[in-house]
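# Return a 3D structure for these sequence lines:
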Amino acid sequence: MKLQPDKSNAPTINAYDRQWIEVNGVRYTQSLIVSSLPDQPPTPWGPAQLEGLCADDFSPSAQSGAELVLFGSGQKLRFAQPQWLQALIDQGVGVETMDTAAACRTYNILASEGRKVVALLLIES
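Sure thing, here's the model as predicted:
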């Protein structure tokens, strides 16, 4: 009997620390987007502080085809302003906010299940 799903082809977050995230063996030191959707490699994202974010940083994920967006808010759990998430809400995309470490772990679980998930991960400088 098979108990675990097959490994997905989605990027995997291998490790993380306060100032970096490692995806598929590549270490990133700035905020980034990690997606389980096909042909979407990890890409730089947003400013280095929560206070610098705006709706334009979240709206591209609304058109990505994701069913869920994870917002990793940095070292502490801090919620995004409602107006930042409006494009996602309008498209019926689920949004979960958690600190960046929790978002990394949650992304890996959901991606391994084959879910269409995008993680917006804030690395504070």
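# The longest helix along the chain: which residues count as buried?
The helix that spans the most residues within the chain, counting by DSSP state H, is helix 100-112. Within helix 100-112, the residues that count as buried by 16 or more other C-beta atoms under 10 Å are 100-101, 103-104, 106-108, 110-112. (C-beta placed from N, C-alpha, C; glycine too.)
# In this structure, mark out all the helices, start to finish.
Counting by DSSP H, the chain has helices at residues 55-58, 86-90, 100-112.
# Now do the second one: distance to the chain's middle.
Right, helix 86-90. In this view, helix 86-90 has its centroid 16 Å away from the chain centroid, taken as C-alpha atoms, centre = their mean, to the nearest Å.
# Pull out the buried positions in it.
87-88.
# What is it packed up against?
If you count contacts as 3 or more C-beta pairs under 8 Å, 6 or more residues apart in numbering; DSSP states H and E, helix 86-90 packs onto helix 55-58.
# Run through the neighbouring helices and strands of the helix it packs on.
When contacts are defined as 3+ C-beta pairs under 8 Å, 6+ apart, helix 55-58 packs onto helix 86-90.
# Just the CA atoms of the helix it packs on, as PDB, please.
The C-alpha trace of helix 86-90 is given here as PDB (Å, rounded to 0.1, in the frame of the first residue of the first chain):
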ATOM      1  CA  GLN A  86      -8.100  42.600  -3.200                       C
ATOM      2  CA  ALA A  87      -7.000  41.200  -6.600                       C
ATOM      3  CA  LEU A  88      -6.600  37.700  -5.100                       C
ATOM      4  CA  ILE A  89     -10.000  37.900  -3.300                       C
ATOM      5  CA  ASP A  90     -11.700  39.100  -6.500                       C
END
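# re earlier: let's see the longest helix of the chain as PDB, backbone CA atoms only.
Only the C-alpha atoms of helix 100-112 are listed here, as PDB (Å, rounded to 0.1, in the frame of the first residue of the first chain):
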ATOM      1  CA  THR A 100       8.200  33.200   6.400                       C
ATOM      2  CA  ALA A 101       9.500  30.000   8.100                       C
ATOM      3  CA  ALA A 102       6.000  28.500   8.400                       C
ATOM      4  CA  ALA A 103       5.200  29.600   4.900                       C
ATOM      5  CA  CYS A 104       8.300  27.700   3.600                       C
ATOM      6  CA  ARG A 105       7.200  24.500   5.400                       C
ATOM      7  CA  THR A 106       3.600  24.800   4.300                       C
ATOM      8  CA  TYR A 107       4.600  25.400   0.700                       C
ATOM      9  CA  ASN A 108       6.600  22.200   0.600                       C
ATOM     10  CA  ILE A 109       3.800  20.200   2.000                       C
ATOM     11  CA  LEU A 110       1.200  21.600  -0.400                       C
ATOM     12  CA  ALA A 111       3.500  21.400  -3.400                       C
ATOM     13  CA  SER A 112       4.300  17.800  -2.700                       C
END
